[in-house]
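1. One predicted model, sequence on top.
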Amino acid sequence: MSTTSNPYRGYRFPPEIINQAVWLYHCFSLSLREVELILAARGIVVSYEAIREWSLRFGRTYAKTLKRRRPNPGEKWFLDEVFVRIRGKLHYLWRAVDQHGNVLDVLVQSRRSKNAAKRFFRKLLKGLCYVPRVIVTDKLGSYGAAKREILPSVEHRQSRYLNNRCEVSHQPTRRRERHMRRFKSVRHAQQFLATHAQIYNHFQLRRHRLSASEYRAARDRAFLTWRDATGVALAG
């Protein structure tokens, strides 16, 4: 990780342990206490509150670096939104994936109106030098209204069933939500899910589509990219 100062300065534990804890927490459906237990089995005594702090402090940095290093998304985007309850109020988690199942971005909003869809489109397009060839959504009217203003030249397919790829990508979020006993605030949900999506997505190699040798090569590349992005290799 290219930085002029040492981001781990002042922490009692070495970077390798911090890196391992953040990786375990975001790559698997584990609670903070379960990560604490796994580290304890390796002789590392650290509290789950410290792991929470590491995840907040370093997880976002890792995720942003991985996002910058990822290849350009595919030309076909699938968009979907699901509801999440935060302090008893209904909110919506907007998510986009490409045709390869890679998560492009997420955004938590209180509405699913035309303006909410426009905000999500702008967030997706930020930093990109191209627009997708096709977007696939469900039949929510907000997508069509926003698309006509933001992406007028892009083909738009609306169907109840064509969007299954994006709907399936919500499943890891639901598992995390159960472990975390729901999100505490909109800001907390946005920060965590934006981090989790990038790290979790980076290590999901869709093994059923790869031969054994292709999977091993892809796995090695994933760990190499992680080491380059974080500046620390994962402990064996």
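-> That came through fine.

2. residues contacting Leu107?
-> Leu93, Trp94, Arg119, Phe120, Lys123, Gln190 (CB atoms under 8 Å, 6 or more residues apart in numbering). For the C-beta atoms, the positions are set from N, CA and C on the backbone; glycine is no exception.

3. can we see that at 10 Å?
-> Neighbouring residues of Leu107 by CB atoms under 10 Å, 6 or more residues apart in numbering: 81, 92-96, 116, 119-124, 190, 193-194.

4. Only the buried subset of these, as a PyMOL command please.
-> In PyMOL syntax, the buried subset of the contacts of Leu107 is picked out as below (16 or more other CB atoms under 10 Å):
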select buried, resi 81+92+93+94+95+96+116+119+120+121+124+190+193+194
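
5. Filter the contacts of Leu107 down to the ones in strands?
-> Among those, the members falling in strands (DSSP state E) are Glu81, Tyr92, Leu93, Trp94, Arg95, Ala96.

6. Might one say that Arg148 is in contact with Ile135?
-> No: counting by CB atoms under 10 Å, Arg148 stays clear of Ile135, with 11.8 Å between them.

7. Now for those two: what residues contact both?
-> In terms of CB under 10 Å, 6+ apart, Arg148 and Ile135 are both contacted by the residues Val154, His156.

8. Verify the stated contact: Arg206 with Ala222.
-> No: checked against CB under 10 Å, the pair Arg206 and Ala222 is beyond contact range at 11.7 Å.

9. And the closest residue to Leu151 other than its chain neighbours, how far from Lys147?
-> Of all residues not flanking Leu151 in the chain, Val131 sits nearest, at 5.8 Å (CB to CB, 6 or more residues apart in numbering). Separation of Val131 from Lys147 (CB to CB, to the nearest Å): 11 Å.

10. what's the overlap in contacts for those two?
-> Phe121, Val154.

11. Could you check which of these two is surrounded by more residues?
-> More neighbours surround Lys147 than the other of Val131 and Lys147, with 21 against 16 (other CB atoms under 10 Å).

12. who touches that one in this structure?
-> Counting by CB under 10 Å, 6+ apart, Lys147 makes contact with Leu79, Lys114, Ala117, Lys118, Phe121, Ile135, Thr137, Val154, Glu155, His156, Gln158.

13. Likewise for Arg216?
-> Listed by CB under 10 Å, 6+ apart, the contact set of Arg216 reads Leu205, Leu210.
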